[in-house]
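Student: one predicted model, sequence on top.
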Number of protein chains: 2
Amino acid sequence: MGGMPKPLPVIQPVPPAAACCPPLTAAPLTAEQAEELAVRLKAIADPTRLRLLSLMLASPGMQACTCDLTEPLGLTQPTITHHLRKLAAAGLVVPERRVGNFTYYRVVSDALTGLASILAPVAGA
Amino acid sequence: MGGMPKPLPVIQPVPPAAACCPPLTAAPLTAEQAEELAVRLKAIADPTRLRLLSLMLASPGMQACTCDLTEPLGLTQPTITHHLRKLAAAGLVVPERRVGNFTYYRVVSDALTGLASILAPVAGA
DNA sequence: AATTGAGATAGACACTTGTCGATGCGCTTC
DNA sequence: GAAGCGCATCGACAAGTGTCTATCTCAATT
């Protein structure tokens, strides 16, 4: 069927950037703000996902396909896919392009810097 | 018994600052580095603990006693103590002083900025 | 058309975690 | 010394989570 090329599953229930909350030092967070920020932080508060991010960041274009990430971490392919899904749901990575059977994910570096600036608005200063 | 004044339970299994890992963008993390960083991030990846931190940061001297934190969050006292313990174990707060029956915890702001600089070394620049 | 191969999905299971009620310890006040 | 209060600890339980095996889908190749 010559239909549409299946536009890559978009998951992102979370807005693209870290525009959810004021900096921690600004004022006490509401329950909703804390909940939303915690969702993003939970996404990176996992050793496997941290390694995934650092591997992708070290790759050209901050991109990598699932196959490139499976072996270095010593985990199965469904597990890697599971973690990439979680990262995508938090807006930290995005399914970029699909070359043949390979799906390439890219790190959204703005999401990382956004999180960092919420934790410590003066970081890097 | 005129013994020692019980030197406030120190929990911190984690080194004081965020000197555990290079920035994410520097190089792929080892399993150990990722594990240690995840421990710290898990500590703040919780809505209750985020609100605790923001409440303490908004208090004079970035300090607060357990009694000040129980009511604003609508949780029981053992639960607040539990979370303060977790934050202390991650080096994000420290049991500062004890006035009568009150125990005051203080936010270690360097720990927050340290985490932020690992996530995004250029944040705030 | 058949085969191969990458990745997504589903289901299962062990483990962790957030919360609570009950209890114990230490300091303060009566 | 007895009572009251703040905080820590203990035990329990529901909910969430990371990992796996098995299966399915879709694209590329033969």
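Tutor: Received it, and whenever you're ready, just let me know what you need.
Student: near DNA strand C, which residues of chain A show up?
Tutor: Residues of chain A that fall close to DNA strand C, judged by Cβ under 7 Å from any atom of the strand: A:9, A:65-67, A:70, A:77-78, A:81-82, A:84-85, A:95, A:101-103. Yep, even glycine has a C-beta here, placed from its N, CA and C like the rest.
Student: lowest-confidence one in those residues?
Tutor: Lowest pLDDT of those: residue A:9, 44.
Student: related to what we said a few turns ago, buried subset of the residues of chain A next to DNA strand C?
Tutor: Buried subset of the residues of chain A next to DNA strand C (neighbour count, 16 or more other Cβ atoms under 10 Å in any protein chain shown): A:65, A:66, A:70, A:84, A:95, A:103.
Student: so is the helix or strand of chain A with the lowest mean pLDDT next to chain B?
Tutor: Lowest by mean pLDDT, DSSP states H and E among the helices and strands of chain A is strand A:93-99, with a mean of 87. No. Legend: contact between strand A:93-99 and chain B by Cβ under 8 Å from any Cβ of the partner chain is lacking; minimum distance shown is 12.6 Å.
Student: helices and strands around that strand, which ones?
Tutor: Contacts defined by 3 or more Cβ pairs under 8 Å, 6 or more residues apart in numbering or on different chains; DSSP states H and E place strand A:93-99 against helix A:77-89, strand A:102-107.
Student: among the residues of chain A next to DNA strand C, which one lies nearest to chain B?
Tutor: Nearest to chain B, judged by Cβ to the nearest Cβ, of the residues of chain A next to DNA strand C is residue A:70 at 14.2 Å.
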